[in-house]
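Trainee: What would the 3D arrangement of this be:
(2 chains)
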Amino acid sequence: MNALKRTEIGVCGLIIVFCLAIIWETRSLPPGHFEPLGSGPFPMAIAGLVFVLCIAAIVIAVFRDDTGREAPDRATRSAFFFVAMVLIYAAVFSFRAVDFGILTTFFLFFTIGGLERFQRKLLPWIVVVSLVVGMGTSLVFTRFLYVDLPTWF
Amino acid sequence: MLPELSAFITLFDPWVLCLILMGVTSGVVVGAIPGLTGAMLISLMLPVTFFMQPYDAIVLLVSMYVGGTSGGLVTATLLRMPGSPSNILTTFDGYPLAKSGRPGRALGLGITASCVGGLIAAVVLFTVTKPLSILATLFGPFEYFSLVIMAMVLIASVSQGSLVKGLIAGFLGMLISMPGVDPSTGMTRLTFDVWRLDGGLKLLPVLVGVFAVGQIISDSLRFGERGQVTEAKTEGILMSFSDLKKSAGNMLRSSLIGTWVGILPGIGASIGSILAYTTQKNLSKEPEKFGHGSEEGIIASEAANNATVGGALIPLIAMGIPGSVVDAILIAALMMHSISPGPTLFVTNGDLVYGMMAAYVVATIAMWVILTFSVRWIARIMTLPMTFLLPVVVVFCMLGAFALSNVMFDVWVMLGFGILGFLMDRGKFPLGPFVIGFILAPIAESKLRTGLMMTAGDPSPVLTRPFSAAFIVVAILLLIVPPLLAWRRARKSVELGDFDAGGD
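Mentor: Numbers count the residues shown, from 1 in each chain, chains lettered A, B, ... in the order given. Okay, the predicted model is just below:
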């Protein structure tokens, strides 16, 4: 089974679980008092429809001949590093313990630097971009747009 | 004074002109960078528009829309990488023509065709929208419900990938919009005891997640890839009068195709340019040149994809139904400013509607000027490494989601939908229907429930009222015809295969 089929079946599986959860939740909703339909039937019908369509998509994927459609290899290691850095950035941001400008500067420096393998010729550019974007966005969004970002200064 | 004329006069305020120039320039630059799209830019700019007047916000976003649709032609021509999906067909002929030593000519044809396409669509926009909105006032709740169902099927049937996947994406988008307060009863539902969900999932984090973060994760798999760049020489970038005369028929035809495709709910610029390109190839005296640097091919593709922008604004203004993904974002922008798009928009916010249409015209002309005279510099920006760009864009995504209500929950929602968008993209599920389903679900549900209240629970008007029945019939045809055609094609190819095998 190739990567596309695995992804299709995996996504459909996730959606099916979500649909079942929605159908389960709609069962506890009371019927309508002032109108005939009530809160539950419409989401239940849509969830049922999506459920059936997902089953159909899985069946189509399983029986489809995908010979010669294998996706090319890609830079998955860099992508994993990048996504991990984004999640760490969001997690640290959510604790509100670090100044947003400083956090963003560090995030950009280590992410861009890591992706470019800290090449010496690019380091000045990485520092400049990290500082300008990190401190600049913090300044603009807190002082001018009054967004409640964590700040130390 | 005519409202159309007054809208143009208002646009000549220096601040508004400045917004148009900023919008078009940023749209062109972002559209020119492969991997970044106009939809991404506009969804990221939504939080900034909270702080603006509704008129200024809409002018800025429409200008970005025009710029974002056009910028991709630079990359498509010089790099053989479409800046946005709607420019794919420009790579077929633009790049070979540029490679043959005429990059200025290739760019000039694309830029002028984009401008002409946009202006022709504007004529249709100004003439058709108001009558259509008057017609739409005749629609009752059942007509709106059927219209949404037709739009969902239409979007799914023409999106990339299979019909089943398009329908899954569209209806999943509808389902995702349902947790929160029930619009008819005011009760909370489907919140799974998560109190943050009481207000429902907000559009902005979902949009930014699916479109921007999902795209960023996809792009991160291409770190290190470099396209083949052709130098952006500008000799021959201005089309002569005889060129314009020679291509007039092609430009008009392709623009009208693009406009019509734009009007159909949910169909993007990609389909418009494919239809116009195929039509021109079938009508051309030199079809063999298509794919090898055909000037007709560039003109058809670019005139059509820009015309879809104007076309897509028509259902948005007249009925409140998004003609494309970016229109769904524009609807979100209107709603954030407490403006309800729909047939009454001409009455309640006439100045805004005409302002939006006039801004579209001025932005189209500004796009021509900006692209023609600065394409050399834009070509340099598009070679910026993704390793620098994507982390910076992530920062803006975070800020955009957080600034909405100053809560981290929205940031996590955005990241969650980013991962979902990435997985759906990898599994070839189209994302357009998902977002449009998310926008249309409340309309479909509330209209159906209002209709059922009026008829004491009798749903038969869905099929007995003429407009509603027509929409349902179109939806059924759209569900049946494409698989039937595919099956016939497959059968024909099998028969031909058998015949060939027999012949051997």
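Trainee: where does the closest residue to B:R105 other than its chain neighbours land in three-state SS?
Mentor: Once flanking residues are discounted, B:R105 sits nearest to B:G236: 4.1 Å by Cβ to Cβ, 6 or more residues apart in numbering or on different chains. In this view, the C-beta of every residue, glycine as well, is placed from N, C-alpha and C. Classification of B:G236 by DSSP: H, G, I helix; E, B strand; the rest coil places it in coil.
Trainee: where's B:G236 relative to B:N349, distance?
Mentor: 44 Å (Cβ to Cβ, to the nearest Å).
Trainee: These two: which is more packed in?
Mentor: Remark: of B:G236 and B:N349, B:N349 carries more neighbours, 21 against 16, as counted by other Cβ atoms under 10 Å in any protein chain shown.
Trainee: ok, the nearest residue to the more buried one once chain neighbours are set aside - contacts?
Mentor: In space, B:N349 comes closest to B:I339 once its chain neighbours are excluded; the distance is 5.7 Å by Cβ to Cβ, 6+ apart. Residues in contact with B:I339 (Cβ atoms under 8 Å, 6 or more residues apart in numbering or on different chains) are B:P54, B:L345, B:T348, B:N349, B:L352.
Trainee: Give me the phi and psi for B:I339.
Mentor: phi -110, psi 130 (degrees, to the nearest 10).
Trainee: and the residue in the stretch 1-150 of chain B positioned nearest to chain A, what is it in contact with?
Mentor: Distances between the stretch 1-150 of chain B and chain A by Cβ to the nearest Cβ are smallest at B:F51, namely 6.1 Å. Neighbouring residues of B:F51 by Cβ under 8 Å, 6+ apart: A:L145.
Trainee: what separates it from B:M336, distance-wise?
Mentor: Counting by Cβ to Cβ - B:F51 and B:M336 are separated by 11 Å.
Trainee: now A:I126
Mentor: In terms of Cβ to Cβ, A:I126 sits 36 Å off from B:M336.
Trainee: So which of the two has more stuff around it?
Mentor: A:I126 (22 against 18).
Trainee: That one against A:F109, yeah?
Mentor: Yes. With contact defined as Cβ atoms under 8 Å, A:I126 counts as touching A:F109 (6.1 Å).
Trainee: any weak-confidence spans in chain A?
Mentor: Within chain A, the segments meeting pLDDT under 70 span A:1, A:67-75.
Trainee: ok, which stretches of it are helices?
Mentor: A:3-26, A:41-63, A:76-95, A:100-115, A:123-139 (DSSP state H).
Trainee: Next, the buried residues of stretch B:42-55.
Mentor: Going by neighbour count (16 or more other Cβ atoms under 10 Å in any protein chain shown), the buried part of stretch B:42-55 is B:I42, B:S43, B:L44, B:M45, B:L46, B:P47, B:V48, B:T49, B:M52, B:P54, B:Y55.
Trainee: Would you reformat these as JSON lines and include secondary structure and pLDDT?
Mentor: What follows is the buried residues of stretch B:42-55, written out as JSON lines (DSSP: H, G, I helix; E, B strand; the rest coil; pLDDT from 0 to 100):
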{"residue": "B:I42", "secondary structure": "helix", "pLDDT": "86"}
{"residue": "B:S43", "secondary structure": "helix", "pLDDT": "80"}
{"residue": "B:L44", "secondary structure": "helix", "pLDDT": "79"}
{"residue": "B:M45", "secondary structure": "helix", "pLDDT": "83"}
{"residue": "B:L46", "secondary structure": "helix", "pLDDT": "81"}
{"residue": "B:P47", "secondary structure": "helix", "pLDDT": "77"}
{"residue": "B:V48", "secondary structure": "helix", "pLDDT": "80"}
{"residue": "B:T49", "secondary structure": "helix", "pLDDT": "83"}
{"residue": "B:M52", "secondary structure": "coil", "pLDDT": "85"}
{"residue": "B:P54", "secondary structure": "helix", "pLDDT": "88"}
{"residue": "B:Y55", "secondary structure": "helix", "pLDDT": "89"}
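Trainee: Excluding covalently adjacent residues, which one is nearest to the residue in chain A positioned nearest to chain B?
Mentor: Proximity of chain A to chain B (Cβ to the nearest Cβ) peaks at A:P36, 3.4 Å away. Using Cβ to Cβ, 6+ apart and skipping residues adjacent in sequence, the residue nearest A:P36 is B:G457, 3.4 Å away.
Trainee: residues contacting A:F51?
Mentor: By Cβ under 8 Å, 6+ apart, the contact list for A:F51 reads A:I16, A:C19, A:L20, A:I23.
Trainee: Among the residues you listed, which one lies nearest to A:I46?
Mentor: A:C19 (8.6 Å; Cβ to Cβ).
Trainee: domains for chain A, by residue range?
Mentor: Here the domain parsing of chain A from automatic domain parsing is A:3-63, A:76-144.
Trainee: just how off-centre is the first one within its chain?
Mentor: Translated: domain A:3-63. Here domain A:3-63 shows a centroid-to-chain-centroid distance of 21 Å under the convention Cα atoms, centre = their mean, to the nearest Å.
Trainee: Any idea how far apart the tips of that domain sit?
Mentor: 15 Å (Cα to Cα, to the nearest Å).
Trainee: can you list contacts of stretch B:346-366?
Mentor: So stretch B:346-366 is contacted by B:3-4, B:6-8, B:10-11, B:16-17, B:20-21, B:23-24, B:54-55, B:58-59, B:62-63, B:65-67, B:114-115, B:118-119, B:122, B:125-126, B:129-130, B:133, B:306, B:309-310, B:313, B:317, B:339-340, B:345 (Cβ under 8 Å, 6+ apart).
Trainee: gap between the residue nearest to B:S6 when sequence neighbours are not counted and B:I58?
Mentor: Spatial nearest neighbour of B:S6, chain neighbours left out: B:Y354 (7.2 Å); criterion: Cβ to Cβ, 6+ apart. Distance of B:Y354 to B:I58, computed by Cβ to Cβ: 11 Å.
Trainee: just B:R253 next, same as before
Mentor: Taken as Cβ to Cβ, the span from B:R253 to B:I58 is 30 Å.
Trainee: same thing with B:V194?
Mentor: From B:V194 to B:I58 the distance is 34 Å (Cβ to Cβ).
Trainee: which stretches of the stretch 101-250 of chain B form helices?
Mentor: Under the criterion DSSP state H, counting those that start in this stretch, the stretch 101-250 of chain B contains helices at B:103-136, B:141-158, B:163-176, B:203-207, B:214-220, B:241-263.
Trainee: Okay, and the closest residue to B:G170 other than its chain neighbours sits in which element?
Mentor: Distance criterion Cβ to Cβ, 6+ apart; nearest residue to B:G170, sequence neighbours excluded, is B:P433 at 3.5 Å. Assigned by DSSP states H and E, B:P433 belongs to helix B:432-454.
Trainee: what about that helix, average pLDDT?
Mentor: For helix B:432-454, mean pLDDT is 86.
Trainee: Which elements pack onto it?
Mentor: On a contact count with 3 or more Cβ pairs under 8 Å, 6 or more residues apart in numbering or on different chains; DSSP states H and E, helix B:432-454 meets helix A:41-63, helix B:141-158, helix B:163-176, helix B:203-207, helix B:325-336.
Trainee: picking up where we left off before, so the residue nearest to B:S6, which state does it fall into?
Mentor: Going by three-state DSSP: B:Y354 is helix.
Trainee: how about residue 134, what does it touch?
Mentor: Answering for chain A, as no chain was given. Contacts of A:G134 (Cβ under 8 Å, 6+ apart): A:G101, A:I102, A:L103, A:T104, A:T105, A:F106, A:F107, A:L108, B:V395.
Trainee: Wait, chain B was what I had in mind.
Mentor: B:P343.
Trainee: Give me the nearest residue to B:M408, chain neighbours excluded.
Mentor: Per Cβ to Cβ, 6+ apart, closest to B:M408 is A:S94, 4.3 Å.
Trainee: hmm, back to that, so for B:R253 and B:I58, which residue has more residues nearby?
Mentor: B:I58 (24 against 18).
Trainee: Surely that one is in contact with B:L330?
Mentor: Yes. Using Cβ under 8 Å, B:I58 makes contact with B:L330 at a distance of 7.1 Å.
Trainee: All set, thanks.
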